[in-house]
Structures are given as structure tokens and as C-alpha cells.
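Chemist: Test case, fold it:
(one chain, ligands or ions: 1)
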Amino acid sequence: MTGNDGHDDKMHEECGVFGIWNHADAAAVTALGLHALQHRGQEATGIVSFDGQRFHSHKALGLVGDNFSEAKVIASLPGMRALGHNRYATTGDTVLRNVQPLYADFEFGGLAVAHNGNLTNATALRRALVRRGCLFQSTTDSEVFIHLIAISLYSTVVDRLIDALKQVIGAYSLIAMSDGALMGVRDPLGVRPLILGRLPPTEGNGGWVLASETCALDIVGAEFVRDVEPGEIVVITDQGVQSIKPFGKSASRFCVFEYIYFARPDSVVEGMPVYAARKRIGAQLARESHVAADVIVPVPDSGVPAAMGYATESAIPFELGIIRNHYVGRTFIEPTDSIRHLGVKLKHSANKPMLEGKRVILVDDSIVRGTTSRKIVEMVRHAGAAEVHMRISSPPTTYSCFYGIDTPERGKLLAASHTVEEMAELIGADSLAFISLDGLYEALNKGPRNDARPQYCDACFTGDYPISLPDMIDNDTRQLSLLTESR
Ligand code: AMP
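Modeler: Next comes the predicted model:
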């Protein structure tokens, strides 16, 4: 394998996936789809195409636009079918060998896999597979699928895929492309999103699209057909779309943080437009925790729709009191705390006339480490605000996510070890409030939260992890046994 190899201990990957079946410009359309999904991963990107006989691949570190805008790159990816991936990782090196889609040759032909999410038994499976002689080329969870498919005793690719899926535990969406089919899979609880779209027939039958979010359909002119269902495998061939449900039925637990922050606001997720949902969350936040103020200011861009909802509900003017520089990536991309501090200053600046002498309510979607809020509050005060109140459109983030959203370990989550009052003091705000969990469910038309059967995965706010965490337990047991041995 070419590239800057190294070690990458990254386990949690937020990603965007896009696959297309039967389009004359499959690779170019995949590049467009990945561009629309850029917010789901900015560190690396890749496309694998299939021309009916051979697979072709181009993978690189960096953004889609920087890697797939040249005609010669697209020309090197011929064929009517393609699969693409955007990857987002925050710790360890991003190395080319981890960039997806992963590709391997089998007795049944070639198979490319692009995966979004996290397997919670990947370490245990990997250990077992290595013992059986499987040689891993990367540290990404997707490679576990490749090996499980390789050693499966079933003959068809779909049966082998099902065999592999029955052994993995986790929250994932996956697209796989073989010589004869494009397959899309969602984990049994449907924690991560995946949708099916259709391209209008220009010649022949028209094509099919699988993508993480609907915003990737709009850019390529495809129509939304439906969400892939939790636990469903859709198999796209020239005969059409076949649906397989090998896991039996379980109630879905879609990731609530996709609504709060992760999905693009113009996407429709699980039947609900994200933009409208964020506005309703903002309105609910205003009903729960309003204070007297002169102006509602969003922390751009993530806080904008919630701040709009807040402003409408409270009848206080909405102003862009903070301006974002769009040529700086997300703060989280910066790997060290010191650079992260710098990143916030690079990214946001105060729009002084909108803040000077005013009682300001700042609205953002979440507080993770508290770095952003602290810097923003300081900046707004420095610009002359009379009061600075912070309102957050999610409940306090008190637990790490092991299902594919990048949150740091618990010790680094400000809300895990501080009360709301302590957090207000730390970030320097006159007051701080978060939306309540029930309020969040209400705003998503699902509330109040049914504690016996919650409709969403909200583990980052509640510690209620709906999918088992064997690797974690395994690690704890191993550490315990090491401790006992050393005694
Ligand atoms: P922090 O500065 O650590 O408190 O992070 C909070 C900021 O990061 C907020 O402005 C969020 O919009 C943003 N944020 C929250 N979760 C994530 C995530 N998983 N990836 C990237 N950014 C995030």
C-alpha cells in the first residue's frame, strides 16, 4: 500500500457514505454526493468505481473538492457504478491505509466497503481474526467486515455479508459494492442514517443512490425514495431493489445528536426536516429557560436554526453578533488543546455594534469540553456586551459516544464533572441553561421521553447505551486481570 503509513488508534469515526448504481458519470456524481456530505468527514476521502470488469480506486487525505475536481482523476474512475466515503478522525494520524472505501478480492470477485459508525466488538473480533491468520492492513472497523466476509463459509456475497453482520455489534451504516450488486445496510437499531434515492431515467432504467443524508440527493438530481430501515439490507441489482431483514424486528434508536448537530440542516432525517426540528428545539429552549435580554445571537453555524427558533418564541431580535470565517475548518479538526483554543479565535469574530451595551443570549448546540463557549463568551464580553447568557440546544453532554459520534473520553466532558452553575462560572457566563431531555423529545414530536422505550439513542446525555459495549467490558476485565496479576 502506498502512502504515509503509521499507527492510528482512532476508534470513533464520523463519516459520510455515498453509492451509485447505473449512471454514466458514476464517479463524478459520487464526488458531488461526497461534497454535499463533506460536513460528515473532512480528513480523508475516497471513491471506488466498477466498470463491469474491473474496480478502480482513488483515495486521498483532505477534502473532496481538493481531490476530485480534476477531470483526469474522475477519468481514472470509469464505470456506471461507484462508492465513496468521507472520513473524519480526530486522534492519531490519519493514514492513507485507513481511508475508505476498503477494497479486497475474493473468490466471488471484488468487494469495496464504505462504513459510517462504530463497531463495539471490533477489538474482540479483530483479536480472534488475527489468531486465525487474518492480516489486517488498517485500523478501521470496516476491515473487520472484509475479513469476516472472506472467511465466511457461505457462497454468495449477500449471504457472506449477512454472516458477517450477525457477528458484529455496533452502530453503523454500510455500503458495499460487488461485481453484481450495490448493498446498503443499517444496524439493527438504526442508530446511524442511510437513505435510498432514485435517479430519473435518462436512458434505460435510471439509477439508484444510497447516501448518508438526503442533502446528497439534491445535488445529484436524485429523488428521495425512503430511509433504509433499521436492520435492513437493500440489495440493488439490474433487477431492482431487494430488501432483506435478517435480524428480526427491534424498535429503532436513531441518534438524537444527528438532529441537534451532525446532520446538515437541509436534510430530511427519518421523515423529519432537520432545520425545522432545530428551530423547534430552540423554541422549546426559550420556553424552558428564558431570561430578559436585548438580542439573541447564534454561535455560527451550529447554533443558527436553534437561535432562530429561540428568537421567534421569545420575540427578541435575532442578530448575527458573531461572524464566522468560512475558510477555517471545524474547531474539532485541530488535534491538540492549545491549537483548538487558537482555532476558535480563527473561526469566530465579534460583530461589535450588535453586542455593545446589550444583554446578549448566545445560543449553541452543545458544550463538549467547554473550549468554544469559554472563548465566545469572553469575546462577546470584550466587545462590550452588558450581560452574556448562554443557552444550549442539547442536554448536558455527560457521557462519551461509542457509536460513531466523536466525543472525547468522559474525563474531558465538562458536564460530566461540573454542575450547570459551575460550568456557567467556568465559561464566564452570567447564566447558563441546557434544554431538558423531555423538552428535546417534545421538540422532536416524541415527548416526553419514554424511559422504558426511548425512541432515540441519547446515550451522550443519559448514559443509557442501547447497544452492548463488549470491547469496553473486555478492556476493563483485561485491566482488572492485569491489576490482579501485578499484586
Ligand atoms: P467544545 O468547545 O469542546 O465545548 O465543543 C463545542 C462545540 O463543538 C460546539 O460549538 C459544537 O457545535 C461543536 N461540536 C459538538 N460536537 C461535535 C462533534 N462531534 N464534532 C465536531 N464538532 C462538535
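Chemist: CA only for contacts and neighbour counts going forward, please
Modeler: Noted.
Chemist: got a list of what residue 467 touches?
Modeler: 169, 170, 171 (CA atoms under 8 Å, 6 or more residues apart in numbering).
Chemist: Those in strands, which ones?
Modeler: 170, 171 (DSSP state E).
Chemist: nearest to the ligand, of the contacts of residue 467?
Modeler: For the contacts of residue 467, the minimum distance to the ligand (CA to the nearest ligand atom) is 15.2 Å, reached by residue 171.
Chemist: On the pLDDT front, check the closest one for me.
Modeler: pLDDT for residue 171: 96.
Chemist: In a markdown table, list the contacts of residue 467 along with neighbour count.
Modeler: Output for those, formatted as a markdown table (neighbours: other CA atoms under 10 Å):
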| residue | neighbour count |
| --- | --- |
| 169 | 20 |
| 170 | 25 |
| 171 | 26 |
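Chemist: Would it be right to say that residue 309 lies in a helix?
Modeler: Yes - using DSSP: H, G, I helix; E, B strand; the rest coil, the assignment for residue 309 is a helix.
Chemist: Spatially nearest residue to it (excluding sequence neighbours)?
Modeler: residue 279 (4.1 Å; CA to CA, 6 or more residues apart in numbering).
Chemist: so how many other residues sit close to that neighbour?
Modeler: Applying other CA atoms under 10 Å, we find 24 residues neighbouring residue 279.
Chemist: Run through the residues that contact the closest residue to the ligand within the stretch 101-250 of the chain.
Modeler: The stretch 101-250 of the chain approaches the ligand most closely through residue 117 (12.3 Å), counting by CA to the nearest ligand atom. Applying CA under 8 Å, 6+ apart to residue 117 gives the contacts 12, 13, 14, 15, 170, 171, 172, 173, 192, 403, 404, 405.
Chemist: one step back: ramachandran coordinates for the residue nearest to residue 309?
Modeler: phi -60, psi -40 (degrees, to the nearest 10).
Chemist: returning to what we had before: identify the bridge partners of the residue of the stretch 101-250 of the chain closest to the ligand.
Modeler: Here residue 117 sits in beta bridges with residue 13, residue 172, as judged by DSSP bridges.
Chemist: Retrieve the pLDDT associated with it.
Modeler: Residue 117 carries a pLDDT value of 92.
Chemist: interface residues of this structure facing the ligand?
Modeler: Applying CA under 6 Å from any ligand atom, we find that the chain lies next to the ligand at 302, 332, 364-372, 405-407.
Chemist: Would you pull up the residue in the stretch 151-300 of the chain closest to the ligand?
Modeler: residue 261 (6.5 Å).
Chemist: right, and that residue touches residue 302 too?
Modeler: Yes - shown here, residue 261 and residue 302 form a contact pair, counting by CA atoms under 8 Å, at 6.4 Å.
Chemist: so what sits against both of those two?
Modeler: residue 365.
Chemist: Counting neighbours, what do you get for residue 73?
Modeler: That count, for residue 73 with other CA under 10 Å as the rule, works out to 15.
Chemist: helix, strand or coil for it?
Modeler: Strictly by three-state DSSP, residue 73 counts as helix.
Chemist: Just list the residues touching it, thanks.
Modeler: Applying CA under 8 Å, 6+ apart, the residues near residue 73 are 58, 67.
Chemist: quick one: low-confidence parts of the protein?
Modeler: Scanning the chain for pLDDT under 70 picks out the ranges 1-13, 89-94, 202-205, 329-337, 339-344, 474-487.
Chemist: Domain map for it?
Modeler: Per automatic domain parsing, the structural domains of the chain span 16-253, 268-462.
Chemist: Which pair of the contacts of residue 117 spans the longest distance?
Modeler: Spatial extent of the contacts of residue 117 (CA to CA) is set by the pair 15 and 170 at 14.7 Å.
Chemist: Could you name the stretch from the domains of the chain that's closest to residue 471?
Modeler: Using CA to CA, the nearest of those to residue 471 is domain 16-253, at 5.1 Å.
Chemist: picking that back up, just put the residues of the chain next to the ligand in CSV and tack on secondary structure and neighbour count.
Modeler: Below are the residues of the chain next to the ligand laid out as CSV (DSSP: H, G, I helix; E, B strand; the rest coil; neighbours: other CA atoms under 10 Å):
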residue, secondary structure, neighbour count
302, coil, 20
332, helix, 18
364, strand, 28
365, coil, 28
366, coil, 22
367, coil, 23
368, coil, 21
369, coil, 19
370, coil, 17
371, helix, 17
372, helix, 22
405, coil, 23
406, coil, 20
407, coil, 19
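Chemist: which one among those gets closest to residue 345?
Modeler: Nearest member of those to residue 345, counting by CA to CA, is residue 372, at 9.2 Å.
Chemist: hmm, back to that, out of the contacts of residue 467, which comes closest to residue 72?
Modeler: Nearest member of the contacts of residue 467 to residue 72, counting by CA to CA, is residue 171, at 36.2 Å.
Chemist: Can you tell me how far that closest one is from residue 446?
Modeler: 22 Å (CA to CA, to the nearest Å).
Chemist: how about the residue of the stretch 151-300 of the chain closest to the ligand, secondary structure?
Modeler: Under three-state DSSP, residue 261 comes out as helix.
Chemist: can you check the one 3 residues further on too?
Modeler: State at residue 264, reduced to three classes by three-state DSSP: coil.
Chemist: residues touching it, list them.
Modeler: Counted by CA under 8 Å, 6+ apart, residue 264 has contacts 39, 213, 215, 274.
Chemist: shouldn't the last one be in contact with residue 262?
Modeler: If I follow you right, that is residue 274. No - using CA under 8 Å as the test, residue 274 is too far from residue 262 to be in contact (9.8 Å).
Chemist: mind listing what's buried in stretch 63-70?
Modeler: 63, 64, 67, 68 (16 or more other CA atoms under 10 Å).
Chemist: For the ligand, see how far away the first one is.
Modeler: When distance is defined by CA to the nearest ligand atom, to the nearest Å, residue 63 is 16 Å away from the ligand.
Chemist: Look up phi and psi at that residue.
Modeler: The phi/psi pair for residue 63 (degrees, to the nearest 10) is phi -80, psi 160.
Chemist: distance of it from residue 406?
Modeler: Taking CA to CA, one finds residue 63 at 19 Å from residue 406.
Chemist: just the helices in the stretch 51-200 of the chain please.
Modeler: With DSSP state H, counting those that start in this stretch as the criterion, the stretch 51-200 of the chain has helices at 64-67, 71-75, 122-131, 142-151, 157-165.
Chemist: right, and residue 229 touches residue 191 too?
Modeler: No - counting by CA under 8 Å, residue 229 does not reach residue 191; the two are 10.4 Å apart.
Chemist: Who has more neighbours out of those two?
Modeler: residue 191 (27 against 22).
Chemist: My guess is the more buried one contacts residue 172. True?
Modeler: Yes - contact criterion CA under 8 Å: residue 191 and residue 172 qualify, at 7.0 Å.
Chemist: For these two, list the residues in contact with both.
Modeler: What both residue 191 and residue 172 touch, as defined by CA under 8 Å, 6+ apart, is the set residue 403.
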